[in-house]
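Visitor: have a look; sequence and predicted model below, questions after that.
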Amino acid sequence: MSILVGNGTRLAIQGITGHEGMFHTQQMIEYGTPVVAGVTPGKGGEWVHGVPVFDTVREAVNTTGANTSIIYVPAPFASDAIMEAADAGIQLIVCVTEGIPVLDMVRVCHFLDGTDARLIGPNCPGIITPGEAKVGIMPGHIHLPGPVGLVSRSGTLTYEVVQALTDRGLGQSTAVGIGGDPIIGTTFIDMLRLFESDPMTGHVVLIGEIGGSDEERAAQFIAAEISKPVTAFIAGRTAPPGQRMGHAGAIIEGSEGTAQEKIATLEAVGIGVASYPAEVADLVAERM
Amino acid sequence: MKLHEFQSKRILAGFGVPIPQGDVAPTPAEAGQIAQRLGGPVVVKAQVLVGGRGKAGGIRLAADAGEAEQVASQILRMTIKGISVNTVLIDQAADIREEIYMGITLDRANRKPAMIVSPQGGVEIEQVAKDTPEQIFKLMIDPMLGLMDYQIRNLAFDLGLPRVVIRQFTTIGRALYRVFIQSDDTLTEINPLVITSDERLLAVDGKIVLDDNALFRHRDLGELRDVQRQSEAERQARQAGISYVKLDGKIGCMVNGAGLAMATMDVISLYGGQPANFLDIGGGAKADRVAAALRIILSDPNVKSVLFNIFGGITRCDEVARGIVTALNEIEPQVPMVARLVGLNEEEGQQILADAEMATATSLVEAAQTAVELASG
């Protein structure tokens, strides 16, 4: 067992006939992910890399029993795609799309509150359970099965940390990118709760960045509820205030959201915070 | 995307928020004419997209048209936080009895819009929140139902407003929320919202920050972008779809991914250097994008070395390396560079760069150390 995705995943790909969707469909199949359906309105009946395409998520779920979806739909239409998936009974929705208007996400999250679906992202690399399933855009080959659970607001920065862990023989249970937007479906706290109850995870790595106060709230939650060791890295110590650093959510507003504040809060509850990405692996190794 | 005060106030006025009469002028003479037309005392206000205009002397009172022209000529010669003033707003001076704050922003933790009010208007709200948090009143807005009148009234009573202005306050609150939603803002703010001595409410200053991700459905608002204030580098980055933020250091960096780009800056600083920029080149790192990014980085004369940190992952490193070499041949940069490539075919990629006489590194720490040495050498 691991969390969110694994051998029980039956994946539908929303936006499968687009450039991105097609490329990553092949990558995910090659990794061994059970891809059962694709969805592109108006392209039902076509096939992409041996995967049947449906016009609606509802039809894909009814025909193939898909329980998870990943979204490669352009930003103006992505919030609609998320709600379509939830309405069709998809339990886990991963939205890779970057650039969704934030007020669309306010409405989407409100809508999802009334359903059983969990949303990961948007603006995220997805989820991988090494050796079982990859539902995302991350390079599969850098991962190794093992006991470290990762949760991150970033993409390539996570790969950097994963590579450092793998290089030291420290495998991963599941690695989850929760997304770089100001409003996301699943937060650090949600993920910490899942890792805490996952018997395969022995150590949790949290990779945060400037903006918002999710890391601070996670620190309080870890102090109160998490028994497993946690190691963190926070990006953006040198980021200036008031400037958006690539991710829509990575901005210091007033005095809120600085890396210094996040690091201090994490350290205050006894969490080791690495000073550069590869050092995460050293800190994890010390406590394994 | 931030809008200027005059743009923000015009939008607010379009939704029924009372604002002072006034107009903008690019020259002192036109400022004088506006003041003449308005009659009586006016306020001359620098239109720059930075905070602290007042403290810098960019907002001044003038008794009549003659003085307005004179004050405008001084303000139009100013540079505030590195930005030269080229427009002033001339507003009829308000007869102010009280200054309050009213704003709507996004509450990230609750995933809802929130309305914030304070009796401490006219100063930065973050400062009020820090110094006197008991002076901040905040409520969450249901995204489906919207802001309800009773909620605004509750805030009015929290503020202890005189009864006679409560109806006006509710109307303005409702309008503010309509602006927030209809123009896809991340911040809609009136600061200060003043109570005049004849008990009218007036939005003396306004600020709107638009959600960049929603501009595709607000072409008219996107056109309000102040292109004159954008540096050439920022303009090019926007055109190429590259995230770029100029900083003050000497080490340029080109990275794929925003989180890794920030971490790269941090590691440079950890080893005694200062990053010259944040730059996320995005996925793929093809030759034309690398060339565009390199031109942007090198347009900053402070840059003494450049660090490439590309975590390829799925992208093939030999392709990235060829892209870098093509860009270098095209641009022929004079500053030393170091590259660190990780991903598929990374040895081949490193070799291509080494053949092009570029320094290479295997870890981010090593790359940062090399970049710091190159910049000081």
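Guide: Thanks, I have the structure now.

Visitor: how much space between residue B:59 and residue B:42?
Guide: Per CB to CB, to the nearest Å, residue B:59 is found 11 Å from residue B:42. In this view, the C-beta of every residue, glycine as well, is placed from N, C-alpha and C.

Visitor: neighbour count winner among the two?
Guide: residue B:42 (30 against 19; other CB atoms under 10 Å in any protein chain shown).

Visitor: dig out what the residue nearest to the spatial centre of chain A forms beta bridges with.
Guide: Taking CA atoms, centre = their mean, the centroid of chain A lies closest to residue A:177, which sits 2.6 Å from it. Counting by DSSP bridges, residue A:177 is bridged to residue A:126, residue A:152.

Visitor: doesn't residue A:153 make contact with it?
Guide: Yes - counting by CB atoms under 8 Å, residue A:177 touches residue A:153, with 7.4 Å between them.

Visitor: which residues touch whichever residue of the stretch 51-200 of chain A sits closest to chain B?
Guide: Closest contact between the stretch 51-200 of chain A and chain B, by CB to the nearest CB, is at residue A:154 (2.6 Å). When contacts are counted by CB atoms under 8 Å, 6 or more residues apart in numbering or on different chains, residue A:154 touches A:177, A:180, A:207, A:209, A:235, A:247, B:257-260.

Visitor: in strands, which of those residues fall?
Guide: A:177, A:207, A:209, A:235 (DSSP state E).

Visitor: out of those residues, which is nearest to chain B?
Guide: Ranked by distance to chain B (CB to the nearest CB), these are led by residue A:235 at 4.0 Å.

Visitor: I'd like the distance between the closest one and residue B:301.
Guide: In terms of CB to CB, residue A:235 sits 27 Å off from residue B:301.

Visitor: now do residue A:98
Guide: Distance from residue A:98 to residue B:301, by CB to CB: 32 Å.

Visitor: same deal with residue B:278?
Guide: 18 Å.

Visitor: give me the more crowded residue out of the two.
Guide: residue B:278 (26 against 7).

Visitor: downstream of the strand or helix carrying residue B:288, the next helix or strand is which one?
Guide: Using DSSP states H and E, residue B:288 falls within helix B:287-298. Downstream of helix B:287-298, the first helix or strand assigned by DSSP H and E is strand B:305-316.

Visitor: for the stretch 151-300 of chain B, which segments count as helices?
Guide: Assigned by DSSP state H, counting those that start in this stretch, the helices in the stretch 151-300 of chain B fall at B:166-182, B:219-222, B:232-240, B:258-270, B:287-298.

Visitor: can you tell me which of those is nearest to residue A:173?
Guide: helix B:258-270 (21.1 Å; CB to CB).

Visitor: briefly note if stretch B:184-198 comes near chain A.
Guide: Yes - counting by CB under 8 Å from any CB of the partner chain, chain A has neighbours in stretch B:184-198: B:184, B:186.

Visitor: C-alpha coordinates for that stretch, CSV please?
Guide: Included here for stretch B:184-198 are C-alpha records, laid out as CSV according to Å, rounded to 0.1, in the frame of the first residue of the first chain:
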residue,chain,number,x,y,z
ASP,B,184,-11.3,39.0,-11.7
ASP,B,185,-9.3,40.9,-9.1
THR,B,186,-6.9,39.5,-6.5
LEU,B,187,-7.3,42.8,-4.6
THR,B,188,-9.9,45.6,-4.7
GLU,B,189,-9.2,48.3,-2.2
ILE,B,190,-10.4,51.7,-1.2
ASN,B,191,-7.8,53.3,1.1
PRO,B,192,-8.8,55.7,2.4
LEU,B,193,-12.5,55.7,2.2
VAL,B,194,-13.2,59.0,3.8
ILE,B,195,-16.2,60.4,5.7
THR,B,196,-16.4,64.1,4.7
SER,B,197,-17.5,66.8,7.2
ASP,B,198,-20.9,66.9,5.5
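
Visitor: give me the buried positions along that stretch.
Guide: For stretch B:184-198, burial by neighbour count (16 or more other CB atoms under 10 Å in any protein chain shown) applies to B:184-196.

Visitor: how many neighbouring residues does residue B:217 have?
Guide: Each residue near residue B:217 was counted by other CB under 10 Å, and the total is 12.

Visitor: I'd guessed it sits against residue B:184; true?
Guide: Yes - Residue B:217 is within contact range of residue B:184, at 7.2 Å (criterion: CB under 8 Å).

Visitor: and for residue 189, nearest residue in space, chain neighbours not counted?
Guide: Answering for chain A, as no chain was given. Using CB to CB, 6 or more residues apart in numbering or on different chains and skipping the chain neighbours, the partner closest in space to residue A:189 is residue A:221 (4.8 Å).

Visitor: nope, chain B please
Guide: residue B:103 (3.8 Å).

Visitor: so that neighbour is in which element?
Guide: strand B:96-107.

Visitor: what pairs with that strand, parallel or antiparallel?
Guide: Applying DSSP bridges, strand B:96-107 is found paired with strand B:112-118 (antiparallel), strand B:185-196 (antiparallel).

Visitor: figure out how far the shortest one is from the centre of its chain.
Guide: Read it as strand B:112-118. 20 Å (CA atoms, centre = their mean, to the nearest Å).

Visitor: show residues contacting that strand.
Guide: Identification of contacts with strand B:112-118 by CB under 8 Å, 6+ apart yields A:103, A:106, A:110, B:100-107, B:125, B:128, B:135-143, B:147, B:151-152, B:155, B:158-159, B:173, B:176-177, B:180-181.

Visitor: which stretches of chain A form helices?
Guide: A:19-31, A:57-64, A:75-87, A:102-113, A:156-167, A:188-196, A:214-225, A:259-268, A:279-287 (DSSP state H).

Visitor: ok, the residue of the stretch 51-200 of chain A closest to chain B to residue A:175 distance?
Guide: 11 Å.

Visitor: so the closest residue in space to residue B:263 that isn't next to it in sequence bridges to which residues?
Guide: Spatial nearest neighbour of residue B:263, excluding adjacent residues (CB to CB, 6+ apart): residue A:235 at 4.4 Å. For residue A:235, the beta-bridge partners are residue A:209 (DSSP bridges).

Visitor: could you check the pLDDT of residue A:235?
Guide: Residue A:235 carries a pLDDT value of 98.

Visitor: point out where the chain drops to low pLDDT.
Guide: If you meant another chain, say so; for now it's chain A. Within chain A, the stretches with pLDDT under 70 are A:1.

Visitor: that's the wrong chain, I wanted chain B
Guide: Ranges of chain B meeting pLDDT under 70: B:227-229, B:284-285, B:314.
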